[in-house]
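[1] sequence-free structure coming up:
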């Protein structure tokens, strides 16, 4: 079992530490959302971050990641569609690879569905889904991505 350092030795709580030292370094809001979802075990829903757990303990670290995931999600939803489009385009450009292949894959596989934090309202999840589908469609038009149909592979 990991032992957390005494709180008196820490200048911040785990949530603030994660935001200041890690999330503030991620340039896009969507990137923050994706990163936080990557820290969540898809089978158990448990958040895991070795360094944060060493500093604050596993329970406090998991709580911080869960809270920041909800915060990043809420901030994404509060952006207008034009800002979301610019943010998502910047995120996808940084992913690396051909944008047309990425957008085709996103349209087919919908990886963004896994970026939603647990415990959000159904209406928030529906708004997020509608926004992303709209944004992917807009970006596909911008980059001239044809719709291969649901049964075709986006990869060439």
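    Perfect, I can see it now. Just so it is clear, the structure is predicted and the values come from calculations on it, not from any experiment. Numbering: from 1, shown residues only.
[2] Any idea how many residues pack against residue 107?
    By the criterion of other CB atoms under 10 Å, residue 107 has 18 neighbours. Glycine gets a C-beta too; all of them are placed from N, C-alpha and C.
[3] Leaving out sequence neighbours, find the closest residue to it.
    Spatial nearest neighbour of residue 107, chain neighbours left out: residue 136 (5.6 Å); criterion: CB to CB, 6 or more residues apart in numbering.
[4] right, and the one you found touches residue 104 too?
    No. Counting by CB atoms under 8 Å, residue 136 sits too far from residue 104 to count as a contact (9.6 Å).
[5] For residue 4, report the pLDDT, please.
    The model reports residue 4 with a pLDDT of 55.
[6] repeat for residue 151
    Looking at residue 151, its pLDDT stands at 46.
[7] Next up, the contacts around residue 15.
    63-64, 67-68 (CB atoms under 8 Å, 6 or more residues apart in numbering).
[8] Give the helix, strand or coil label for it.
    Three-state call for residue 15 (DSSP: H, G, I helix; E, B strand; the rest coil): helix.
[9] Quickly name whichever of the contacts of residue 15 is closest to residue 122.
    Of all the contacts of residue 15, residue 122 sits closest to residue 67, with 20.3 Å by CB to CB.
[10] before we move on, back to that, put the buried members of the contacts of residue 15 into a PyMOL selection.
    Command for PyMOL, covering only those of the contacts of residue 15 found buried under the criterion 16 or more other CB atoms under 10 Å:
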select buried, resi 63+64+67+68
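[11] can you redo the contacts of residue 15 as a markdown table with distance to residue 82 and pLDDT?
    Listed next are the contacts of residue 15 as a markdown table, based on distance: CB to CB, whole Å; pLDDT from 0 to 100:
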| residue | distance to residue 82 | pLDDT |
| --- | --- | --- |
| 63 | 34 | 96 |
| 64 | 31 | 96 |
| 67 | 28 | 96 |
| 68 | 25 | 97 |
